[in-house]
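Participant: This is a predicted model, with the sequence first.
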Amino acid sequence: MNELDKDRVVSETIWRCNYCNEPVVFESKELAMAHTDYCIYNEENSSCFLCEHLKVIQHTEYEPHITNKLNNVRWAIGTHRTPYCMKFEKDIEEKDFISKHEECFVYSDESMVVESTPEFIEQDRLIEEADKYIQEVSKKA
C-alpha cells in the first residue's frame with residue numbers, strides 16, 4: 001500500500017440490529033443490544049408496530065396530525081401517517097408506539113392496515129389527473 005492509499009480506507013467493526021435492519025450503525029455491541037430491547041421490529045417487545053390492532057392513517061402533508069419525530073417510527077410507518085389502535089379506537093402517541101403493551105398485544109405478520117383520509121384521496125386523484133395531462137401534452141409535442 002502506498003502513502004496515498006493509507007488515508008482512503010478504514011477498517012472498523014460495526015453493529016446493526018437484525019430485527020429492523022434500520023440504516024443505523026451502532027458504535028458498540030452494548031449500544032446495539034440496548035437498541036434491541038426497544039426495537040419495534042422485535043416481537044418480544046410487544047410494540048404496536050407488530051400488533052394486529054395497528055392501523056395507519058395516511059394524511060396529506062397539509063393536514064394537522066401527529067408528527068412522527070422519532071426516527072424508528074418514521075422509518076416504520078412513514079412521515080405523514082398516524083398510528084391508530086383499532087382495539088382502543090384512538091391515535092397512538094409515539095412514546096406509546098414504541099412501548100411494550102403486553103396486556104393487549106396480539107402478534108401479526110400481516111401487512112399493516114393503511115387508511116387514507118378524504119383529503120389524501122383527493123390529493124392523490126389530482127396528482128393522477130395532472131400526470132395524465134402532462135403525458136397527453138408530451139405526446140402532442
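Facilitator: Noted; the coordinates are in hand.

Participant: What about residue 82? Give its phi and psi, please.
Facilitator: Main-chain dihedrals, residue 82, degrees, to the nearest 10: phi -110, psi 130.

Participant: I meant residue 14, not that one.
Facilitator: Torsion angles, degrees, to the nearest 10, at residue 14: phi -120, psi 160.

Participant: Then residue 114?
Facilitator: Dihedral angles phi and psi of residue 114 (degrees, to the nearest 10) take the values phi -120, psi 130.

Participant: contacting residues for the residue nearest to it when sequence neighbours are not counted?
Facilitator: Distance criterion CB to CB, 6 or more residues apart in numbering; nearest residue to residue 114, sequence neighbours excluded, is residue 56 at 4.9 Å. Every C-beta, even on glycine, is put in place using the N, C-alpha and C of the backbone. Shown in contact with residue 56 (CB atoms under 8 Å, 6 or more residues apart in numbering): 77-78, 81-84, 112-115.

Participant: among these, which one has the lowest pLDDT?
Facilitator: Within the contacts of residue 56, pLDDT reaches its minimum at residue 78, with 78.

Participant: End to end on stretch 42-50, go ahead and measure it.
Facilitator: Across stretch 42-50, the straight-line distance between its terminal residues is 8 Å, by CA to CA, to the nearest Å.

Participant: ok, residues contacting it?
Facilitator: Counting by CB under 8 Å, 6+ apart, 19-20, 36-41, 54, 76-77, 83, 85, 92, 96-102, 105, 107-109, 112 sit against stretch 42-50.

Participant: Generate the PyMOL command that creates a selection of the buried members of those residues.
Facilitator: A single PyMOL command is used to select the members of the contacts of stretch 42-50 judged buried by 16 or more other CB atoms under 10 Å:
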select buried, resi 19+20+39+40+41+54+76+77+83+85+92+97+98+101+105+112
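
Participant: Give me the phi and psi for residue 26.
Facilitator: Residue 26 adopts backbone torsions of phi -100, psi 140, taken as degrees, to the nearest 10.

Participant: partners of it in the sheet?
Facilitator: Beta-bridge pairing of residue 26 under DSSP bridges involves residue 15.

Participant: Thank you, goodbye.
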